[in-house]
Each structure stands twice: as structure tokens, then as C-alpha cells.
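A.B. asks: Sequence and predicted model, in that order:
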Amino acid sequence: MSVELPVSRDVARVVRIVTGSAIAAVVVLAVTRGVAAAQAPLCPAPADISWSPAKPVAGTLFRVHVNSPSLNAMTRVSHARVANERLHFRTVGDSTSAFAAAPVDSGNGLTLTLTCADGTNTIVKIPTRAAEYPLERLKVAPRFSAKPDSALVARQRREAERASAVSRASHETPALWTEPFALPRTTRITSDFGGGRTFNGAVTSRHMGTDYAGAVGAPVRATNRGVVRLVDSFYLGGNVIYIDHGAGFVTAYLHLSKQLVAEGDTVARGAVIGHVGATGRVTGPHLHFIARYGSVTFDPKSLFETTGSR
Ligand SMILES: [Zn+2]
């Protein structure tokens, strides 16, 4: 294209040159855009995804990292999942990461799936290692206990469902915390997470929380900032408090003698929310503390360690 103007030849030449450059620039821009579109990853590449530790232990919280070459590609990720739970990626500076939890029975590995806006998936296998939780092997057949009556079964199912609803809702709550999770009590642990009983090689029950020592009336603190979602009296858990910390994190405090918060309250990290008690199915006063990522219950020790490291 050239532009002829009724002016002197010199001016006309300048106009032609300027117009020519402008066209060239437009062409270059179009080519650049074409190259960019062709090279843009549709989804982050598996090689750009890592996790720590390298082999998460079944029953613990761990971190998933997306390395810098794929940071732009993260904008194309519509959702990510590990063990059926959504991941909530957060970018701080030039580092993008999310927490994920390995269920206690995930000793054979996990699958991370990133689903991108165009429907493509990036699937990464995460190796795990089986936990060495203490197991009490029963050598004799346990006595058959009387079948609990159906009303009791229904009550326990209803209570478990209410706790599950808190877990599901937590994925919809934005992260309400920025600091690492802190201990609910600083006393000694009387029973660790994961201990189980086996009968004929099969795990029949497992301790899915950590027990902290305490006399009736001793303080129980919120492990991090969050919204109280459930304050009730459960058959097994006794007086319970469930806190939704957002971004999938839920903590629960069981067997309390006193609940000092109400559903809907926002609590600060370290706030006294209740007192140690011996309500529900217990042999003596203690705090049974539960940590969950979505509906995956994991070892609270890994909650304090993993959220404290960057
Ligand atoms: Zn316990």
C-alpha cells in the first residue's frame, strides 16, 4: 500500500516510507502472535510439576509445586485434583504451590490431574510410601459385640455426614489463614495418629487423630484462623467443634467439657475455643484432634510441619 498526496516528491516519499514501516510492524506483530499461540502450552507440562517431600507418606499433608516455565500455563488450569480433592494453588512471588493430602491407604501412589480450560489434562503419578503406623495384631478372634441398634447407627451416620459437609464446604471458602498451623495444646501426646488394629491381616480400626493430655477444664486452642461451622454433641466425639479454615482445611476438637464458640464465629489462631473433657466414647479426659484436607484425614503432625515450611 502507498499513499499519494498532492505534495512535493520529498514529502510523498517520507509518507510512503512511514506507511511501509507501519505495515511491516503489523506483519511482524501478527507473526509473533502466531508463534506465541503455537508455542503456548495448553496445560502445564508434567516436567514442570514437582512435590515435596519426593515420596509423601500415606496419611500426611504435602506440597505440590508448579515450576516457573509453566507459571503462565497455570492460568489455563481450571481445576486440579489429588485423591479426589481439589487443590488450591497460590502464587507467592515467583513460586506457585498447593497443599495436598495423601490418604492413609494411598501407599501405592497418587495421581495428580490438572484439567485445563480446553479440556486437556496433565496427569502426573506421585509415588508415596506406606506409613509405619503401629499396628496391634489380634491373635484371637474378637468377641462379637452386640449389633448397635438401628437408631444409633442412623445417628452416627447423620453426625458423620454433618462433618463431611463441613469438609466439602471448606473447598468453597477462601483461605482464611496465612500463618502456619499451631498446636491445639502443648501437652504430651497420649496417642499418635494412625495406630491400628489388624485381625487376620486386615486393618479393622485406626486412630484417625492425635490425642493430647489434659485435665477436664484445661484450655483447647484454635490451630489457625477460621470459621466455626459445627458445635454439637456427637455420640462418639462427645462435645465437638469443627473449624473451616478455608482452601480445603478443616480441624476438629473432640470430647470437650465446654464449647466456648458458636457456629458462624470467626476465631483467631491460638484463641481458646473450649475446654478438655471426657464426653463421648472415651476412657478418660483428653483432646482428640483431627486434621482434614477436604475429606482426607491426615496426621496432624504433618499439618504443623508442612504449613510451617515454604
Ligand atoms: Zn483419639
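C.D. replies: Perfect, thanks for sending it. Residues are numbered from 1 along each chain as shown.
A.B. asks: how about the closest residue to C116 other than its chain neighbours, secondary structure?
C.D. replies: If the residues on either side of it in the chain are set aside, C116 comes closest to C43, at 3.9 Å by CB to CB, 6 or more residues apart in numbering. Every C-beta, even on glycine, is put in place using the N, C-alpha and C of the backbone. Three-state call for C43 (DSSP: H, G, I helix; E, B strand; the rest coil): coil.
A.B. asks: Pretty sure C43 sits against V124.
C.D. replies: No: C43 is not in contact with V124 according to CB atoms under 8 Å; the separation is 10.9 Å.
A.B. asks: Can you work out which residues contact both of the two?
C.D. replies: L114 (CB atoms under 8 Å, 6 or more residues apart in numbering).
A.B. asks: so what's the residue in the stretch 201-310 of the chain that the ion sits nearest to up against?
C.D. replies: Closest residue of the stretch 201-310 of the chain to the ion, CB to the ion: H288 (3.5 Å). H288 is in contact with 209-211, 237, 253-255, 282, counting by CB under 8 Å, 6+ apart.
A.B. asks: Which positions in this protein make contact with the ion?
C.D. replies: Residues of the chain lying near the ion by CB under 5 Å from the ion: 209, 211, 288.
A.B. asks: go again using 6 Å as the cut-off
C.D. replies: Listed as neighbours of the ion in the chain under the rule CB under 6 Å from the ion: 191, 207, 209, 211, 288.
A.B. asks: list the contacts for the first one?
C.D. replies: Residues in contact with S191 (CB under 8 Å, 6+ apart) are 207, 210-211, 286.
A.B. asks: A80 is in contact with T115, isn't it?
C.D. replies: Yes: if you go by CB under 8 Å, A80 and T115 touch, sitting 7.2 Å apart.
A.B. asks: Between the two, which is the more surrounded one?
C.D. replies: The neighbour comparison of A80 against T115 (other CB atoms under 10 Å) goes to A80, with 24 against 17.
A.B. asks: Show me the shaky parts of the stretch 51-200 of the chain.
C.D. replies: 68-71, 138-147 (pLDDT under 70).
A.B. asks: Quick one: the helices in it, in order.
C.D. replies: Counting by DSSP state H, counting those that start in this stretch, the segments of the stretch 51-200 of the chain that form helices are 150-170.
A.B. asks: Touching, P180 and T307? I think so.
C.D. replies: Yes: P180 lies in contact with T307 (CB under 8 Å); the separation is 4.4 Å.
A.B. asks: So for the two, which sits in the more crowded spot?
C.D. replies: Remark: of P180 and T307, T307 carries more neighbours, 22 against 16, as counted by other CB under 10 Å.
A.B. asks: What does that one show for phi and psi?
C.D. replies: The phi/psi pair for T307 (degrees, to the nearest 10) reads phi -80, psi -10.
A.B. asks: Now do the contacts for it.
C.D. replies: T307 makes contacts with 61, 99, 180-181, 224, as judged by CB under 8 Å, 6+ apart.
A.B. asks: which of these are buried?
C.D. replies: Listed as buried from these are 61, 99, 180-181, 224; burial here means 16 or more other CB atoms under 10 Å.
A.B. asks: So which of those residues belong to strands?
C.D. replies: Applying DSSP state E to the buried ones among the contacts of T307, the entries found in strands are 61, 99.
A.B. asks: The stretch 201-310 of the chain: helices as residue ranges?
C.D. replies: Along the stretch 201-310 of the chain, the stretches classed as helices by DSSP H, counting those that start in this stretch are 300-306.
A.B. asks: beta partners of the nearest residue to S170 once chain neighbours are set aside?
C.D. replies: In space, and not counting its chain neighbours, S170 is closest to D244: 4.6 Å by CB to CB, 6+ apart. Note on D244: beta-bridge partners V227, V250, judged by DSSP bridges.
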